[in-house]
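Student: Sequence and predicted structure, then a few things I'm wondering about:
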Amino acid sequence: MDAFDPLRKLKEFISYPSVSADSAFAAGMKDAREFLEKTFAELGLVVETVPTPLHPILLARREGPAEWPHVVIYGHYDVQPPDPLNLWESPAFEPTERDGRLYGRGAADNKGPLMVHLSAVAQLLRDNPDLPLRITFLVEGEEEIGSPSFVPFLETHKDKLDAEFVLLSDTGSPRPDQIVITTGLRGIVCVEAELTGPRTDLHSGVHGGAVENPLRALVRLCASLHDADGRVNIPGFYDAVTEVQPWEREQVSRLGQREEEYAEFLGVDTFGTTPGFTPFEAVRFQPTLEFNGLGGGYQGEGSKTVIPSKAMVKISCRLVAGQDPQDIQEKLLQTLRERCPAGVKLECRTAHCGAPYRVVPPHRPDTPANLNPYLAKAYDEADRAITEAFGNAPLYLREGGSVPIIADLKTLVGLDSLMIGLFLPEDNLHAPNESFHLGVMEKGITVSRRILQHIAEQGAKESMK
C-alpha cells in the first residue's frame, strides 16, 4: 500500500464542492463521492455505491470471518453552502493552511473528522494486513439536508450493518486539549402554524375593533405555550423525560465554564433557563419549545395601518432522552388547536422530526446490563487513548444539537454509537472561514487507531477461548 498522507488527502477532499442543498454543485458531489470510492479501493475495501433519490450512500467494507468483531464508521461527504463568499479569507474550496489549521468548507464538518478515521484504518492495515477486524464505512451525502434517504437505506441494508457499534466524529469538544465523548443528542420536532382572519388585509381604522387580528391572536397563542418560569406549557410534554443522573451533572461541572463568560459570549444580560438547571445543563438535559420565525402584516419601512389577513409562526422543539417525537408533535398540534382564539382559522404544517439519543458508558450506576461488550471495551480504550494523546481525560457529555441518524441506527439496526468530538467552537461550522485544527486531527488519528486495534485484539482473545 502506498503511503497514505492524511493532510494531502484531506486537502483534495475539501477541494470538491460537495454542497448537497444546491443542484448547481452536482459535479462537486460526484467528485467527492468518486474521491472516496477511489480512496476506499486503495485500502482494499469492497466499495458499494447505493443509489438514493438524491445523493448516493457509500458502503466500503473490509470483510472477514464472521467471528471477527465488526465496527461501522459513519461520516458524510456533503457540506453546507459556502455563502457569504466575501467573508472568506481564502476561497472556500481551496484548502489553505494557516496557524496550525486547515481552512475550507467541510474541513471540520465532516471531511476532516472522517479523514481521521480513514487515516487510522489506512495505518492499521498498512502495519497489519491480517488485522482480525471487519470494518464498514457508511458515508452519506445528505446529512446537511436532513438525511431524507437514510432511513429507507437502513431498512433495506441493515443486514450489512450487523456490527458491534458505530464509531463517528460529528460532534464537538470545547478546547484542543479537552475532548468530549458525546453520550446524548437532542431530538427535534418542527411545526409551522398559520392563522387566517379576514379574507384580505383590512384598513385598521375602518375595520379595527370589528374583527380578530390574526397577529394578536398569534401572539396570544404563542404566549400560552410557556408558563411564567419558562417551562413548556403543553400537557404531558415532560412526562417521559429521562431523569438526569448525578454523574452527568458532575461531568458538566468539569467543563470549567463560567456563566458570566457564557453570557458575555452570547451578548445577553441574563439566562432564561428553567428552575433547577444551569445554562450548561439546560442545553443538554432539558427539552425546549422555540419560536424560530414569526410574521404577518406589513414589514417595510414606515407605517402601513392594516389588520393583516394572515400571521404565521415557525416552531421547533428539541427533545431529550425518553421523549418520542411523534408523541410530542401530536401534543403540540392538539394544544395549538385547542388554544387557537376564536375568529381565526388555524392551519398547521409538520416538518421534519428526529428522535433523541442517549447511551450510557460503562462503569456508571445506570449502565445497561446489555451494553455491547465490544462497545464497553471501546469506551475504555477511548478513555485511555484520549487521556494520553490530549493530556486530559475525556468528558462524557450530552450535546444540545440533533443528529437524528444516530437514533435511527439505534432504532432500526440496534447499534449504539461511540461519538468522539473532534471539532471546536472556533472551527466555524456552517460559517465562513470554517477550519480544522491539525493538532486535533493528528491526535485523533492516534485515538481512532488505538480503539480499532484494541477491538481487534479483544476479538482475537475471544476467538481463542
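Tutor: Cool, the structure landed.
Student: Now do the contacts for Gly444.
Tutor: Going by Cβ atoms under 8 Å, 6 or more residues apart in numbering, Gly444 touches 113, 116, 169, 420, 422. C-betas here are computed from N, CA, C, even on glycine.
Student: and for stretch 120-136, what are the contacting residues?
Tutor: 1, 4, 43-45, 59-65, 68-73, 160-161, 163, 445-446, 448-449, 452-453, 455-456, 459-460, 463.
Student: Give me the domain ranges for this structure.
Tutor: 6-185+357-464, 188-241+287-354 (automatic domain parsing).
Student: What separates the first and last residues of the first one, distance-wise?
Tutor: Going back to what we said before, that points to domain 6-185+357-464. Chord length of domain 6-185+357-464, first to last residue, is 35 Å (Cα to Cα, to the nearest Å).
Student: Same check on stretch 412-423?
Tutor: Counting by Cα to Cα, the terminal residues of stretch 412-423 are separated by 28 Å.
Student: got it, and stretch 425-433?
Tutor: Length of stretch 425-433, first residue to last, Cα to Cα: 12 Å.
Student: Same check on stretch 52-68?
Tutor: Span of stretch 52-68 from end to end, Cα to Cα: 30 Å.
Student: can you pull the buried residues of it?
Tutor: 52, 54-62, 64, 68 (16 or more other Cβ atoms under 10 Å).
Student: cool, and stretch 71-84?
Tutor: 71-82.
Student: again with stretch 453-465
Tutor: 453-459.
Student: Please enumerate residues in contact with that stretch?
Tutor: Applying Cβ under 8 Å, 6+ apart, the contact partners of stretch 453-465 are 67-69, 71, 124, 131-133, 164, 374, 377-378, 381.
Student: where along the stretch 101-250 of the chain do the helices fall?
Tutor: In the stretch 101-250 of the chain, the helices defined using DSSP state H, counting those that start in this stretch lie at 112-127, 150-157, 214-223, 246-253.
Student: Cys154 touches Asp408, doesn't it?
Tutor: For residue 154 the amino acid is Leu, not Cys. Yes. Leu154 is in contact with Asp408 according to Cβ atoms under 8 Å; the separation is 6.1 Å.
Student: Sketch out the low-pLDDT regions of the stretch 301-450 of the chain for me.
Tutor: For the stretch 301-450 of the chain, no stretch has pLDDT under 70.
Student: about what we covered before: and which of the contacts of stretch 453-465 is nearest to Met441?
Tutor: Using Cβ to Cβ, Leu124 comes nearest to Met441 of the contacts of stretch 453-465, at 16.8 Å.
Student: burial measure for Gln286, as a count.
Tutor: 21 (other Cβ atoms under 10 Å).
Student: Next: the one 3 residues further on.
Tutor: The local packing count at Leu289 equals 22, with neighbours defined by other Cβ under 10 Å.
Student: so who does it touch?
Tutor: Counting by Cβ under 8 Å, 6+ apart, Leu289 has contacts 225-226, 232, 234, 237, 315-317, 332.
Student: Make sure Trp88 is actually in contact with Ala431.
Tutor: No. Taking Cβ under 8 Å as the definition, Trp88 is not a contact partner of Ala431, at 9.8 Å.
Student: Out of the two, name the residue with the larger neighbour count.
Tutor: Comparing Trp88 with Ala431 by other Cβ under 10 Å, the one with more neighbours is Trp88, at 20 against 13.
Student: Can you check the pLDDT for the more buried one?
Tutor: In this prediction, Trp88 carries a pLDDT score of 98.
Student: ok, it - contacts?
Tutor: So Trp88 contacts 82, 432-433 (Cβ under 8 Å, 6+ apart).
Student: repeat that with 6 Å
Tutor: Residues near Trp88 by Cβ atoms under 6 Å, 6 or more residues apart in numbering: 432-433.
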